[in-house]
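Undergrad: Generate coordinates for the sequence data below:
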Amino acid sequence: MTASLTHAPDTAQQVAQVLRALALDENLKWRIPDDPVLGPLARKVAGRYVAGPSLNDALERASSVLDRGHRVNVEYMGESCRDPERAVAETDVFVEAARVLPAGASLSLDLSHIGLAIDTDLALTNATRIAEATCGTGREMVISAEGSDRTDDILALHARLCERFTHVGITVQARLHRTQEDLPRLLERPGRIRLVKGAFLEPEDIALPRGSADLPAAYLRYAHMLADSGHLCSFATHDWQLIEQLDRHLGGAGDHHTAPWEFETLLGLGPDRLDAMAKHGHPTREYVVFGTEWWLYVCNRLAEDPQRLLHAVLDAATPTRH
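TA: Numbers count the residues shown, from 1 in each chain. Reported below is the predicted structural model:
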């Protein structure tokens, strides 16, 4: 079966497109986890990529990442919130996370989780609360990437936050054609710039296809721009070739305490990458997510590499431990 997927790139890309489309179905986001049959199986699959449903689960996982010598980035999942009262209540969770997370942990969030899908002023008010809380506890706050239809609003809100705060970072997607123009402007703002390939379902006039041969080159071009700028940045990728090329570009060594860059991988993916870069002296960070709204996140993780569907089948078939 592995060979079949490997030698059928068209099929693999079709599977990835289906997964990305399913991730955008907000009805499924609620129905699958609550389904009495599918829910338990899907939660087993999610368990590879998600720390757990609660902040306590994230705290436990964050501490273990720090014990391994890496930094940690924690995100509470819940994109596309459409209830104003819920958006405020979810903001409370981020504020509490800023208070209790261990030193060395940064906090990430989707702006649509705290009101962007409802009203930009509501999102700004809630984001300002989180920025105040993270600033007060000496940790970074990083705004996550979302679909391209929200990028203008996200960058505009980030600009507003940067008028008052210097610790609020932003995530940019190498896939998006607009990044060529966005990145130079973002380099003029404070806060870490987190570079990802981009996992969302996008038309080709908006973004490079995930399987495009041009995508690694685009990622490397933007990564070099960030590295050479001296700006705070994170190289968020599991691509060994990109990691090794960046390692060489950075001189094959870094100062863990003073280097402005980081190598970052996601929970459940790439711990060997982090360990290798840490041995070279580079700062490293693992991205830990928690919460019950993991549907979009997990679908996008599977879509990035359809081979992960094999892991998903094994995870779903594994007996639950009591």
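
Undergrad: CA atoms for contacts and neighbours, from now on please.
TA: OK.

Undergrad: And the pLDDT for the residue nearest to residue 257 when sequence neighbours are not counted?
TA: The shortest distance from residue 257 to any non-neighbouring residue, by Cα to Cα, 6 or more residues apart in numbering, is to residue 283 (7.4 Å). For residue 283, the model assigns a pLDDT of 94.

Undergrad: With residue 270 instead?
TA: At residue 270, the model reports a pLDDT of 77.

Undergrad: quick one: it and residue 140, what's the gap?
TA: 22 Å (Cα to Cα, to the nearest Å).

Undergrad: Who has more neighbours out of those two?
TA: A count of neighbours by other Cα atoms under 10 Å puts residue 140 above the other of residue 270 and residue 140, at 21 against 17.

Undergrad: Report the contact partners of that one.
TA: Going by Cα atoms under 8 Å, 6 or more residues apart in numbering, residue 140 touches 105, 106, 107, 134, 167, 168, 169, 191.

Undergrad: List the buried residues of stretch 176-193.
TA: Within stretch 176-193, the residues scored as buried using 16 or more other Cα atoms under 10 Å are 176, 179, 183, 186, 187, 189, 190, 191, 192, 193.

Undergrad: separation between the closest residue to the fourth one other than its chain neighbours and residue 44?
TA: Excluding its sequence neighbours, the residue lying closest to residue 186 (Cα to Cα, 6+ apart) is residue 193, at 7.8 Å. Distance check for residue 193 against residue 44: by Cα to Cα, it reads 32 Å.

Undergrad: now residue 25
TA: 20 Å.

Undergrad: out of these two, which sits in the busier spot?
TA: Taking neighbours as other Cα under 10 Å, residue 25 and residue 44 compare with residue 44 leading, 20 against 12.

Undergrad: Give the phi and psi angles for the spatially closest residue to residue 250 that is not a sequence neighbour, as a check.
TA: Leaving aside its chain neighbours, residue 250 sits nearest to residue 227 (7.5 Å; criterion: Cα to Cα, 6+ apart). With angles defined as degrees, to the nearest 10, residue 227 sits at phi -60, psi -40.

Undergrad: what's the answer for residue 94, then?
TA: Main-chain torsions, residue 94, degrees, to the nearest 10: phi -60, psi -40.

Undergrad: these two touch, right, it and residue 76?
TA: Yes. Counting by Cα atoms under 8 Å, residue 94 touches residue 76, with 7.2 Å between them.

Undergrad: now the helices for the stretch 51-200 of the chain?
TA: For the stretch 51-200 of the chain, the helices defined by DSSP state H, counting those that start in this stretch cover 55-67, 84-100, 120-136, 151-162, 179-186.

Undergrad: got TSV for the ones you listed, with mean pLDDT too?
TA: Shown next, in TSV, are those (pLDDT from 0 to 100):
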stretch	mean pLDDT
helix 55-67	96
helix 84-100	98
helix 120-136	98
helix 151-162	98
helix 179-186	98
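
Undergrad: Now render those helices as a markdown table, adding distance to residue 279.
TA: Shown next, in a markdown table, are the helices of the stretch 51-200 of the chain (distance: least, Cα to Cα, whole Å):
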| stretch | distance to residue 279 |
| --- | --- |
| helix 55-67 | 15 |
| helix 84-100 | 29 |
| helix 120-136 | 29 |
| helix 151-162 | 34 |
| helix 179-186 | 30 |
